[in-house]
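> Got a sequence here, can you model it:
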Amino acid sequence: MFESFDFAPRYIIFRSLLNQVKSNSGLGFHNCDQGHPAYMIRSEESPGDYNFGDSPERNSMYQMLKELSESLKDCDDFRPEDFIHSWNDFCRIARHAYETHKNT
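Residues are numbered from 1 along each chain as shown. From the prediction side, this is the model:
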């Protein structure tokens, strides 16, 4: 998806998408709800294939962040926990943002 992009555009897109998730914007999430069971249940290393309305195969936000994470993994501007290597990583970040912002 981003193979033809140079470093700077990939960096900007990754930072922008990650900020959308961390701000609990809901952009790219089922029903625009980061607190949806699809993400809350999978935020931990839970066994089984429980999609609850969304999945790694269907979620464009996850797919973009995962691809960009792989291409930017050596960039020191991000913390290791900011990178998305799995659906559980994506759900963990979404859940943390949801729980941080739900009472604000």
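
> In terms of helices and strands, where is the closest residue in space to residue 17 that isn't next to it in sequence?
Nearest residue to residue 17, sequence neighbours excluded (CB to CB, 6 or more residues apart in numbering): residue 65, at 5.5 Å. Any C-beta I mention is one placed from the backbone N, CA and C, and that applies to glycine too. Counting by DSSP states H and E, the element that carries residue 65 is helix 60-71.

> re earlier: looking at the residue nearest to residue 17 now. What's its pLDDT?
As predicted, residue 65 sits at a pLDDT of 98.

> Can you name the residues that contact it?
Counting by CB atoms under 8 Å, 6 or more residues apart in numbering, residue 65 touches 14, 17, 18, 21, 84, 90.

> and the fourth one, how many neighbours does it have?
Translated: residue 21. 24 (other CB atoms under 10 Å).

> Per-residue pLDDT of it, please?
pLDDT at residue 21 comes out at 97.

> tell me the angle the helix or strand in which it is found makes with helix 60-71.
Using DSSP H and E, residue 21 sits within helix 7-22. Computed with axes from the mean of the first three to the mean of the last three CA atoms, to 10 degrees, the direction of helix 7-22 lies at 130 degrees from that of helix 60-71.

> Buried residues in helix 7-22, which are they?
Buried residues in helix 7-22, counted by 16 or more other CB atoms under 10 Å: 10, 11, 13, 14, 15, 17, 18, 20, 21, 22.

> Check which helices and strands that helix sits against.
For helix 7-22, the contact count by 3 or more CB pairs under 8 Å, 6 or more residues apart in numbering; DSSP states H and E identifies helix 60-71, helix 87-101 as packing neighbours.
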